[in-house]
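Enquirer: Predicted model, plus sequence, below.
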Amino acid sequence: MKTHRTILFLLIAASLAVTSCRSRTDKSEGTVILTAETNAFPVVVSVSSTDPGVFQIPSFTLHSIIKDPSMVIGTELQTIEMRSFTVSYRRRDTGTRVPAPIARGLSGNVLPGGNLIVTNLPFLTFDQLLSQPLKDLVQFGRDTETGTAVITLDVTFQFFGRTISGDDIASAPTSFTIDVTP
C-alpha cells in the first residue's frame, strides 16, 4: 500500500510539473509564440528634428516559435498573419503627462519557426509632437509640468496577429527608454 501512495504522489508531482511549465509558455492562444527583437533603440531624440527617420525604429525581427518542441516543422495553419502593433509610453521622470499611444495596422506573414523583418516603425509621430507633453518642448524648450528640458520616456512596442487556424497571437511587450529634448 505504501508503494501505491508513493507512485500516486510521484504521478501527481509529475503532472503538476508538466502543467506549470506549460502555463509559463502559453502566453497566447494556439501552438506558436510571437517574439519581437531589435538592437536599434535610440537613446536621445530631439523634437526639433525634421528627419522623420529619427522617430522610427529601423527594423524589428518578429519570430514565430513553435510551442511543442517535438514538432520539427510547423503546419501552414500555424502561420501568423500580422494585424497590428501598438506603441505606449510611461514617464521615467517626475512628470505625469505622456504622449497618446499609437495603434497601426501591420501586414506580413510569419511562417511557423520563421522570421519576418518589419522596417521603419514609428515610435513617435508628428501628431504626438504637436500634443502635450512634447508640444511644450517645441514651444517653450522645456516641459511646463516639470520645468526640465528633457522628458524621459519608456517606449513599449507590442505586436498582434492571428494564425491561419484563427488563434489570436500577441508578442510580449518590448521596451526601451529615450530622452526627448527640444
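Expert: Received, thanks. Numbers count the residues shown, from 1 in each chain.

Enquirer: How about residues contacting stretch 133-143?
Expert: 47-48, 95, 97-99, 124, 128-130, 144-145, 148-151, 180-182 (Cβ atoms under 8 Å, 6 or more residues apart in numbering). C-beta here means a position set from N, CA and C on the backbone, and glycine is covered the same way.

Enquirer: how does it look with 10 Å?
Expert: For stretch 133-143, contacts defined as Cβ atoms under 10 Å, 6 or more residues apart in numbering pick out 45-48, 89, 91, 93-99, 124, 128-130, 132, 144-146, 148-151, 153, 180-182.

Enquirer: Average pLDDT for the helix or strand containing Val45, rounded please.
Expert: In the assignment (DSSP states H and E), Val45 maps to strand 44-46. The average pLDDT within strand 44-46 is 95.

Enquirer: what's it packed up against?
Expert: Strand 44-46 sits against strand 151-163, strand 174-181, with contacts defined as 3 or more Cβ pairs under 10 Å, 6 or more residues apart in numbering; DSSP states H and E.

Enquirer: What residues sit buried inside that strand?
Expert: Val45 (16 or more other Cβ atoms under 10 Å).

Enquirer: From the chain's centroid, how far away is the very next helix or strand once past it?
Expert: Counting by DSSP H and E, the next helix or strand C-terminal to strand 44-46 is strand 56-66. Between the centre of strand 56-66 and the centre of its chain there are 9 Å (Cα atoms, centre = their mean, to the nearest Å).
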